[in-house]
Structures are given as structure tokens and as C-alpha cells.
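Undergrad: structural data only, the sequence is not supplied:
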């Protein structure tokens, strides 16, 4: 199979992820969108690694996974903290950071 | 012993320090420490004098090195003392008159709670004045110059709980600063022209310097001298300086500090010899001030202010003599020494009168005090005869020589300068006689609660000593040309010139003018009744009573434009400099204000913005072919 198809797949996944982030109010769903975007990026990195026959892209994908794991921990912790104070995880409600 | 000459300065300085630091526990003995410090400085000075006078006249100038002061690259200056006939003359005058005034002050300031501090300041003054006259470089002289300015400020404002006295002190300080600028600029010019500011380098370098440079240095030195010596145009502070206690007026504002300007000019004789134009200006300033002071003195009803005007006038004589060049230097110093005695004596007499009259100084409320204060009357009388130049009192020997010297020369100068000096002698006789008759003769015009009485022995003895000096010092110093020969190593050969008018004629003319002055004063203020209120008078008299409107002139010419200038500068600072700074800050604040709307706090709008940015970046990268 032509590896370029994986790039198309990555683009579609990225678009779905970003649409989830932008449209959904639920923080958990938006968070899932972010994860989808990250994995789309990972997929394209691995694909390009394959196309060029070098391992740099795969190494980069591992880095992204490690960082994503850490980010999930912090992100979920924030969501729980927000839920405890507001009894809600809607993304539209908190506007304390308004300038 | 010459190596120990630094003791002259150190002893009074240490005493001042002890008196200031010791605090109230020194109140009981502090004034005696002050007297002892001044007296010991006199004895050190006397021993130095006896050593120097025993040498041949060529060896009488001794440089005493003290320590390395400013070890700079191009300017390397050591602190040292110059012991020579000129500085020794001053040392003896300062310490002798100073000690007498210290003794007088013990009694005069007896009722003042801060007598100890008064003596600390007096000792500080003695130390600074001795440093001024003994310094071997212009910079070290400047240290003393500022020191006496400080002591003068502190002592004028000694009773600074009265606001106008504190203002008088500030006025003296500020006016003196203007003169000090002259000395600083002069030192800068010397450094540029000769490479250093010590006397030896400067005076040895004079023959190689251009006349223009010497004239510039001479004029800036003159500016310094006019400030310290209350000469036109910086004369305005002296009258107000009479706010200080009377012994201060006697010591600082009559006998010693105000003559520092004359010292500066005579010390810089070598420079002035090379700058005839600067010398003419010096003489002109002196001639003008001597008439100005005399006219003011004729109208003043305040005893001390009249004496202050007289001091200004007499220093004008010295300035005139100093401006005449080698022929006058020695007579300027001669007049300075005799003036130091008779004017200090008269100021002490004025203090004695004030003591007896509840510190009132209005002469229109005096009169007939000769009965109540015999000693004061006699000693003041000796000073009166001396200042008028009545032979054989000391003023005759010094002032007549100045009048003669002023008539020597060519062209218009002898006529103008000589005429001013001659006219000044007549005016001096008038205002001094007016003062003398108004105070001691005529009818008593005392206010009801007055009980005039003679002062204590401790005050009268210094007055008597000074009166004896006023009477005989001139005769002693003039006989055999002793004083002029003594100063000759410093002031140079006076040469010999013939006045444009015969000497005998000048002496007779002076004496006749003096006699007319005394007679007019006697008729108006001795024989006739003196009004207790100043009568309305001619425009000249009103102007003289107001010091020739010197304060109004200063205000209109210097103060107001100065204030306008500063206000303009402040406005410029606020509008331009502050405007730039504040405008930059306001611009940043406005930008923040405008952009802060973007911070909506909506997480999803942030995410959308980031996505749009990302898309744009991608487009740029792809389009740019990077």
C-alpha cells in the first residue's frame, strides 16, 4: 500500500480531533480530541519515517507519546479539580482568565 | 620649630572638635578651652615670627611640607604650609585679635546657653582662617576659604531661632558661593596654563604665560575676592551679616575674614603684575566700593550696619591699593592690619554699647553715653580718630599712603582713583563722626527702660588693648619704613613714583577734608538735637538707607530672571522629557487596553485562534516551499 494513504488518514484524524476540540463543550471530549490530534501527528511522523527510511520520525513519535502520557495526567487532574469546585466540566463556563 | 607650624591650625581645630563632641559636660570650662586654643595659636605664631624675623630677608619664605595630598597622574599636589612675611603678618593679626575677641566673648556671651558651641565655631574659624593664609597652594587655600565661609555662616546664624537671622546667614552663604565659583574657575585656568595649582608652580610659570590668560585668572580671582571681601558687585551680604553676635562681626566681618580677598590678591601679586588690565579692574572695584560703602554708612541709623558699611568702604581702600600694583600691595596689607585693630576695637565698643542698651542698635535712641561708659567712649574714640586718619593715629600712616599711591600713575587713572580715595577720606570722617557723636554725645534720647552702664573688665580690657593698637600701631610699623621692608620679599620692590600732585598738598587736602567732615557731623549730630525718628530725606539718603537698593537690583537682575529660567527649564523637563517617558508608558498601556479584549477567557476560542494560526503557518511553509 502506498504510504501516502497513511498521511491522508493522519490528516483526517487531525481534522476530526480539532473539530472535537472546537465544537464540544464537555472537557473530557475536548481532551479526547486533543489526544486524537496528537496521535494523528504521531502517525504522520511514523509514516514519513517509513517513506524516508530513517528512524528519526519514530524516535520523535516516542517522545510525543511520553509527553502525551504526562499531559494526560496533568490534564485529567485539572479537569477533576475544576469539577470539584464547579460541579461541572463545561469548557464554556470558566472565564476567570478573561482579560 | 618650623616643622611644628601645623600646630597653628591643628590646635584650634582640635579644640573646636572637643567642644562640639564633648556636649553639655563641657559647658562649664568650654569657653576657656576656646580661649586657650586661640592663645596658644598666637604663641606658636609669635615663636615662628621671632624665628623668621631673625633671618636675612631673602630667606624668610619657607615651604613646610606636610603630606602627599592628591597623588594624581597629571595633577599631583602636596599639602604644605608657606611661612613668609605675608602669611606671618596675617597669622599674628588673626591670632592676636582673635584671642582678644575670644576673651571678650567669654563675658559677652555669658548669658547664652550655647556659649560652648559659639566658642567651637570661633575656634573653627581661627583654624580655617589660618589654613587660608598659610596654605602653599590655591587648592589648600580654597579649603580654608570654604572653612571660613562655613564658620561665617554658622556664626551669622548663631541666633537662628530668629528667621531673619537665619536668612541673613543663608544670604551670606549664597553670595559667597558666587565668589567661590571665581576661585574654582581660576584654579581650572591655572591648571590649564601651568599644570598645577601650587604657588611655586604657578608663580614660576607666570613669565611664560600669555597676558590674556593672566588677565582671565586675575579677573576670576577678583570675583572670588569680591565675594569674600564684600566688594561691588557681591557686597550685599555684609550688612545683613551683622545679625551675628557682635564679637563675630568684630572678628570675622571686620578684622579678618572679609580681608581674605585682599590676601588672595596680594598673594597672587605675581599674576597681577603680569596683567595690568585686571589690576585696573581691581582698583576700579575698590574705588567704587569705597565710595559706595561710605555713602551707605552716612545714612545708616543702625550702629552695627553703619560699621559694616564702613568696613566695606575701608576694604575698598585696600582693594584700590592692591589694584595699584607693587606700589600699593604693602599699603593694602598695612591698612588691613591697622583696620583689623581699629575696626575690631570699634565693633567691640559697639557690643559694649549694646550690652548697656538692652541690645538696641538704633543710634537715634543713643546719645550722651560718654558719661555712662567712659572706657567705651575713650576706646571707641581712639578707633574713630584712627579710621579718619588723624595723625598720629594708625589710620593716618596707612590710609594717607594709599591716597598718595592712588595719585601715582599716568593718564586718567591717578585722577579718578586718587580723587575717589581723597573724597572717601572726607566721607569717612563724616559718617564716623556722625556715628560717634550720635552715640556718645548730644542729649540722651534713651527709651524709658534704659540704664546704660559700663561693661565688665573682661570686655573692656580687650577694647583697651585694641585701642592702644589703633593709636600706636601705625606709628610703630611705619617708622623706618619697617612694615614695607618686612613685606618686600613677597610684594616686590614698591619702586618709587611721584604723585601727580605734591605729597604735602595731598596730606593737607586729606586733613582738611577730614576736618570738614567732622565739623559738618558735629554741627548736625553733636551740637544740634538729633531726631528720634529718621526724618524724610532726599532721594540719595533714602537710597543709601536701603543700601543703594542692592537687594532690589539683585532681585530684578539676577533672581527674577533666574527664577524664570528655572521655571522654563522645569516646564521643558515636564513637557519634553517627562512627556516622552510618560507618552511611551501611555502608548504601551493603550495597546494593552486594546489587545486585552482578545483574552476572553473562553478556552475554545483560544483553541480556535491557535488552530487558525497553525493553518496560516502551514500555508506559509507550504507556499514558501520551505
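TA: Received it, and whenever you're ready, just let me know what you need. Only a predicted model underlies this, so the values are computations on that prediction, with no experimental measurement involved.
Undergrad: please, which helix or strand holds residue B:612?
TA: Per DSSP states H and E, residue B:612 falls inside helix B:603-624.
Undergrad: quick one: secondary structure of the closest residue to residue B:445 other than its chain neighbours?
TA: Sequence neighbours aside, residue B:367 is the residue nearest to residue B:445 in space, at 4.5 Å (criterion: Cβ to Cβ, 6 or more residues apart in numbering or on different chains). Glycine gets a C-beta too; all of them are placed from N, C-alpha and C. Here residue B:367 is recorded as coil under DSSP: H, G, I helix; E, B strand; the rest coil.
Undergrad: who's in contact with residue B:367?
TA: B:438-439, B:441-446, B:530 (Cβ atoms under 8 Å, 6 or more residues apart in numbering or on different chains).
Undergrad: about what we covered before: what's the helix holding residue B:612 packed up against?
TA: Counting contacts by 3 or more Cβ pairs under 8 Å, 6 or more residues apart in numbering or on different chains; DSSP states H and E, helix B:603-624 is packed against helix A:4-23.
Undergrad: buried stuff in the helix it packs on?
TA: By neighbour count on 16 or more other Cβ atoms under 10 Å in any protein chain shown, the buried set for helix A:4-23 is A:6, A:10, A:13-14, A:17-18, A:20-21.
Undergrad: list of residues touching the helix holding residue B:612?
TA: Taking Cβ under 8 Å, 6+ apart as the rule, helix B:603-624 contacts A:18, A:21-22, A:25, A:30, A:91-92, A:94, B:598.
Undergrad: what residue ranges in the chain score low on pLDDT?
TA: Since no chain was named, I'll use chain A. A:94-99 (pLDDT under 70).
Undergrad: you looked at the wrong chain, it should be chain B
TA: B:1, B:625-626.
Undergrad: which single residue of it ends up nearest chain A?
TA: residue B:599 (2.8 Å; Cβ to the nearest Cβ).
Undergrad: between the contacts of residue B:367, which is nearest residue A:56?
TA: residue B:439 (111.9 Å; Cβ to Cβ).
Undergrad: can you give me the buried ones in the helix ranked longest in chain A?
TA: Counting residues, the longest helix found in chain A (DSSP state H) is helix A:56-86. Within helix A:56-86, the residues that qualify as buried are A:57, A:60-61, A:64, A:68, A:75, A:79, A:82, counting by 16+ other Cβ under 10 Å.
Undergrad: nearest to chain B, of the residues you listed?
TA: residue A:82 (10.6 Å).
Undergrad: isn't the closest one right next to residue A:27, touching?
TA: Yes: counting by Cβ atoms under 8 Å, residue A:27 is a contact partner of residue A:82 at 7.2 Å.
Undergrad: overlap of the contact sets of those two?
TA: Counting by Cβ under 8 Å, 6+ apart, the residues touching both residue A:82 and residue A:27 are residue A:89.
Undergrad: re earlier: dump the contacts of residue B:367 into CSV; add distance to residue B:207 and secondary structure as well.
TA: Formatted as CSV, those follow (distance: Cβ to Cβ, whole Å; DSSP: H, G, I helix; E, B strand; the rest coil):
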residue, distance to residue B:207, secondary structure
B:438, 54, helix
B:439, 53, helix
B:441, 57, coil
B:442, 59, coil
B:443, 64, coil
B:444, 64, coil
B:445, 62, coil
B:446, 63, coil
B:530, 58, coil
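Undergrad: from those residues, pick the one nearest residue B:463.
TA: residue B:439 (14.4 Å).
Undergrad: and for that closest one, the neighbour number?
TA: 26 (other Cβ atoms under 10 Å in any protein chain shown).
Undergrad: report the contact partners of it.
TA: Counted by Cβ under 8 Å, 6+ apart, residue B:439 has contacts B:303, B:353, B:363, B:366-367, B:369, B:380.
Undergrad: next: residue B:211.
TA: Per Cβ under 8 Å, 6+ apart, neighbours of residue B:211: B:274-275, B:277.
Undergrad: let's have the buried residues of helix A:4-23 in JSON lines, adding distance to chain B.
TA: Putting the buried residues of helix A:4-23 into JSON lines (distance: Cβ to the nearest Cβ, whole Å) gives the following:
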{"residue": "A:6", "distance to chain B": "18"}
{"residue": "A:10", "distance to chain B": "13"}
{"residue": "A:13", "distance to chain B": "15"}
{"residue": "A:14", "distance to chain B": "10"}
{"residue": "A:17", "distance to chain B": "10"}
{"residue": "A:18", "distance to chain B": "6"}
{"residue": "A:20", "distance to chain B": "10"}
{"residue": "A:21", "distance to chain B": "5"}
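Undergrad: fine, thanks again, bye for now.
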